[in-house]
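A.B. asks: Here is a sequence together with a model predicted from it:
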Amino acid sequence: MLISDRAFWRPGQETTARQRELLGFLVERGGVDVIYAGPDIAEFERLATHLAATRATTGIRCESLPPGLDPRRAAARLAAVVAERWPSRVLVMSPDLVWVPEVIPAEIPVVLDLPGALDSADAVHLLGIARAFDRVLFDDEDAFAHASAVLGRGRCGFAPQPVVPVDPLPPLRGTVARVGVFFGAARVDAAAVAWLRRVWLRPELATVRETVEVVVGGDVGDGAVRRDCPEFRFVGPVDRAWPFFAAVDVIAAPPGAPPPIEALGFARPVVAMLDVVRPLQSILGPVCILGADEPGFAEILALIIGDTAARRRLTDAGLAAARRDLAPEICFQSLIDAAPGIRPTPAQAAERDPADPLPLPVAMAQGMAHQRAGRLAQAEAVFRQILARDPDHADALFALGFALSRRGDSAAALPLLQRTTEIRPAHAAAWNTLATVLNALSRHAEAETAADHALALRGGLVGALANRARARRGLGRYGEAVADCCTALAVTRDSPELLHERGLSRLEQGDYPSAESDLRAALAQRPHQAAWAADLQRLRRVRDAATVLRPVVVLACPGGGLPAAWESVWALPGIAISAVVPEGGTVPDCDLLITFDPGHAARAAAIGREVWLCGTAPPDSAGIKAFADADEGGWAVADVSAHLAVWARAWSARAHPTKPIAEPAPEGYIPQ
């Protein structure tokens, strides 16, 4: 019985060769019950349709646990299915399903599949969950070694992706015509391809560039990576590996590419960076040529392209390793050997007082299930109960802080997220959510710092780029905010939140056509966002106001800073305060200069500028309007404001000629 919360083996759903091989391996050994416990029932229906149309999966029976089902009823339903079918073993495909072992009889071993590296921030949490299972499968050697040291070797199994050599093997040609970079059906890593382009353009490969082309197989998304690397040929998502590997002669695996394990089964030599093969270093290390940096990788690639004998030796060694270490029976033997009786049994659980709290990993999984199903109040209650027992439980701190931020309680979420980042400084999602909360509280400088932390941990994280853009807009750095949005939109073009944020920044820059385009596009995708509609209306008002001519006023203040008492002058409607300059500094072109320095006023008046002086004007100061001292050396700001408002209306009347009224007064025009 295989239980999962996502239909990962359906094409287009993050399918990996290892997962496909795992399902095929089980089907070959008898019928398989697939239980889908995910949040989207339509996802299950698509899965069932796909499996029913696939000849190789006639031994699969599909059932689902409706996502709206109460957790206790879902557990009872699963227990009934297990009792009816009585599988030889149960394979759980997600750590979020930690409640499953509690409903499986003790005689049936329950195995958790945990592929990928163990992130240092999540290792303690995941290994705590693993204790609820009889065995845990890993496909990363470092994760397997770490888990074996914590859980014991008997509870851990190493289950890498199997490789079955194709028959017949594609021929190994004497002359290299193509170097392949393989991402399969997944998204092409733009940074990995850009790194390889730098290598490809190095002088070590100058002679081979004329006769050899680089072919990249994978989803190019919006095509930006294709435009950035015009020297390479991109062939789109590769659903079937055989034609791709048959067409290329050498496989290159730059940093960020998936481990090139499938190349062994197609008799293709591999040049890889050490970090790429690290998850399977004991297997891939001896059968690949490894590079340490860009110059070394270029030298090795040039060598292997020109040496047919070396390519033959590598392919022979790879085929031998595939048959010896990577056959499905070897890779998945630990699944077959899983024995029951290691995990806490349901009988042991039944002996526990019902009033006793659930184990923390189980309670955490229950809270997350509530949150995914939209039962936010129940989820928050569970997270608070966990924190009452363990105030520094990082997962509960983050989950509760995230939930509070989603419902707008940013003040309550802030200390929870700050504590999360203290406990787990490598938690990128926590830093990103912290940036969201700080932006909501108008603490933009701190929000920018938090977003920078998230991006340092996970470069290109779209949410963090959006949060940094929001923070920079709040700090008045609109150009940088637009640049962040453009970078994020290059990764995910269909993001209304990013379009809206870029539109707001462009509005502040005065780029009204581009701002309107962004805000309209965002609102078209989120038509129920009333606040976004209000932003579009605000843009129209600002744009319309900008088309009306306003007088330009420059304030020349001692020290170059605007005194607090003058802020009301700055805010007068109908006036564009273009600058506050230091006394005696260069004054831009303006309609009126207000200064405190009599000499400065005299020089400006001499060149024909209209000048107001806060102080006593010299006797021969024609054209200077002076405002006398107020008490205690201050200035009568209210008096200046009143005169300025009248002056602005008069200036506007001169700049915008009024139309005659239908029955003119003696003056013939509307009074000015």
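C.D. replies: Yep, that arrived.

A.B. asks: so who does the closest residue to Ala429 other than its chain neighbours touch?
C.D. replies: Once flanking residues are discounted, Ala429 sits nearest to Phe398: 7.1 Å by C-beta to C-beta, 6 or more residues apart in numbering. Where C-beta positions appear, they are placed from N, C-alpha and C, glycine not excepted. Neighbouring residues of Phe398 by C-beta atoms under 8 Å, 6 or more residues apart in numbering: Leu416, Leu417, Thr420, His427, Ala429, Ala430, Thr433.

A.B. asks: wait, doesn't Val276 sit right on Ala253?
C.D. replies: Yes - counting by C-beta atoms under 8 Å, Ala253 is a contact partner of Val276 at 4.5 Å.

A.B. asks: tell me the SS of Asp589?
C.D. replies: coil (DSSP: H, G, I helix; E, B strand; the rest coil).

A.B. asks: Can you name the residues that contact it?
C.D. replies: For Asp589, counting by C-beta under 8 Å, 6+ apart, the contacting residues are Val552.

A.B. asks: for the stretch 51-200 of the chain, what spans make up the helices?
C.D. replies: Assigned by DSSP state H, counting those that start in this stretch, the stretch 51-200 of the chain shows helices spanning 71-85, 123-130, 141-151, 190-200.

A.B. asks: If you could redo that for the stretch 201-350 of the chain, that was the one I meant.
C.D. replies: In the stretch 201-350 of the chain, the helices defined using DSSP H, counting those that start in this stretch lie at 224-228, 241-247, 262-265, 274-277, 281-284, 294-306, 308-325, 328-331, 333-336, 346-351.

A.B. asks: Name the residues that touch the longest one?
C.D. replies: Going back to what we said before, that points to helix 308-325. Counting by C-beta under 8 Å, 6+ apart, residues outside helix 308-325 touching it are 163-165, 169, 172, 174, 176, 249-250, 263-265, 267-270, 283, 286-289, 303-304, 330.

A.B. asks: Can you mark which positions in it are buried?
C.D. replies: Residues Arg311, Leu314, Thr315, Gly318, Leu319, Ala321, Ala322, Asp325 are the ones in helix 308-325 that count as buried (16 or more other C-beta atoms under 10 Å).

A.B. asks: What separation do you get for the fifth one and Leu169?
C.D. replies: This means Leu319. In this structure, Leu319 and Leu169 are 8 Å apart, going by C-beta to C-beta, to the nearest Å.

A.B. asks: do the first one as well
C.D. replies: In this view, Arg311 and Leu169 are 13 Å apart by C-beta to C-beta.

A.B. asks: Check Asp337 too.
C.D. replies: Distance of Asp337 to Leu169, computed by C-beta to C-beta: 32 Å.

A.B. asks: Could you check which of the two has the larger neighbour count?
C.D. replies: Leu169 (15 against 12; other C-beta atoms under 10 Å).

A.B. asks: quick one, helices of the stretch 351-500 of the chain?
C.D. replies: Using DSSP H, counting those that start in this stretch, the helices of the stretch 351-500 of the chain run over 360-372, 376-389, 394-406, 410-423, 428-440, 444-457, 462-474, 478-491, 496-509.

A.B. asks: between the fourth one and helix 444-457, how big is the angle?
C.D. replies: Meaning helix 410-423. Interaxial angle of helix 410-423 relative to helix 444-457 (axes from the mean of the first three to the mean of the last three C-alpha atoms, to 10 degrees): 40 degrees.

A.B. asks: Pull out the buried residues from helix 410-423.
C.D. replies: In terms of neighbour count (16+ other C-beta under 10 Å), helix 410-423 has its buried residues at Ser410, Ala413, Leu414, Leu416, Leu417, Gln418, Arg419, Thr420, Thr421.

A.B. asks: Show me which of these is closest to Ala628.
C.D. replies: Nearest to Ala628, judged by C-beta to C-beta, of those is Ser410 at 49.6 Å.

A.B. asks: So for the closest one, what's the nearest residue that isn't a sequence neighbour?
C.D. replies: Using C-beta to C-beta, 6+ apart, the nearest residue to Ser410 is Ala440, at 4.1 Å.

A.B. asks: ok, for Leu536, nearest residue in space, not its chain neighbours?
C.D. replies: Distances taken as C-beta to C-beta, 6+ apart put Leu519 closest to Leu536, at 4.8 Å, once the chain neighbours are dropped.

A.B. asks: Check which helix or strand that neighbour maps to.
C.D. replies: helix 512-525 (DSSP states H and E).

A.B. asks: Next SSE downstream of that helix?
C.D. replies: helix 530-546.

A.B. asks: what about the helix or strand following that following helix, average pLDDT?
C.D. replies: Later in the chain than helix 530-546, the nearest helix or strand by DSSP H and E is strand 552-557. On average, the pLDDT along strand 552-557 is 80.
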